[in-house]
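Engineer: Fold the following and give me the result.
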Amino acid sequence: DLTGDEKINAKEFAYVSTKMSHKLGGFGTYTDVDQSAILASNSGLLNYLFGKDRSKCISREEFRMLHTNLLDEIIQLEFNEFDKDKTGSISEGDFCHFLLNKTKIPPSQKAKMLKKVDTIWPKKARGISFPSFKNFFLVLASGTELERGLFFLDVENIGVDLEEFRKV
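Structural biologist: Got it, this is the predicted structure:
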């Protein structure tokens, strides 16, 4: 909500999307062309949020709920990837596989780490429940949210003081 009117319109969404996109110039490189391309696209998300003619607005609460629901679904899908039997828990080893999945650690090092985990927790000892998995996932995601919040708070590139940081 860039205008402070408690609503998000398609133009605001497009502007923020271009600010958050990674481009050759780095994060935050913005052009009117980017915004126009986003608004003109036949995006299912944009059509859902703002209508095909981009005239609808959504409230911050509606957007927050959409974000929350999408994140919950992503977390559930990630968990289900390892909970094949639908028991509601995954092994400690599977949890480590999840954590190491997107790392840039060499495969041989990953194998050593996973072997240590399998030695300590041979099979599915106590396991990791879905609520614990979700809480951990949210902690990992929060780092990105903090970075994003600080990015938008410091739009003038002058830094963030302690009082502003507390707001985030």
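Engineer: For this structure, which segments count as strands?
Structural biologist: 7-8, 58-59, 89-90, 128-129 (DSSP state E).
Engineer: what about those strands, which gets the closest to residue 114?
Structural biologist: Closest approach to residue 114 among the strands of the chain (CB to CB): strand 89-90, 13.8 Å. Where you see a C-beta, it was placed from the backbone N, CA and C, and this is true even at glycine.
Engineer: residues making contact with the closest one?
Structural biologist: Residues from elsewhere that reach strand 89-90 (CB atoms under 8 Å, 6 or more residues apart in numbering): 79, 82, 83, 98, 124, 127, 128, 129, 130, 133.
Engineer: which among those residues end up buried?
Structural biologist: With burial judged by 16 or more other CB atoms under 10 Å, the buried subset of the contacts of strand 89-90 is 79, 82, 83, 98, 127, 128, 130, 133.
Engineer: can those residues go into CSV with extra columns for pLDDT?
Structural biologist: CSV is the format used below for the buried ones among the contacts of strand 89-90 (pLDDT from 0 to 100):
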residue, pLDDT
79, 96
82, 92
83, 93
98, 90
127, 85
128, 91
130, 95
133, 94
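Engineer: If you count contacts, what does the lengthiest helix in the chain end up packed against?
Structural biologist: In the chain, ranked by residue count with DSSP state H as the criterion, the top helix is helix 130-153. Packing partners of helix 130-153 (3 or more CB pairs under 8 Å, 6 or more residues apart in numbering; DSSP states H and E): helix 10-20, helix 60-80, helix 162-167.
Engineer: In space, what's closest to the spatially most central residue of the chain - neighbours in sequence excluded?
Structural biologist: Geometric centre of the chain, nearest residue: residue 141, 5.7 Å, by CA atoms, centre = their mean. In space, and not counting its chain neighbours, residue 141 is closest to residue 71: 7.0 Å by CB to CB, 6 or more residues apart in numbering.
Engineer: most neighbours per residue, which of the strands of the chain?
Structural biologist: Stretch with highest mean neighbour count among those: strand 89-90 (a mean of 22; mean count of other CB atoms under 10 Å).
Engineer: Pairing partners for that one, with directions?
Structural biologist: Paired strands of strand 89-90, with direction, are strand 128-129 (antiparallel) (DSSP bridges).
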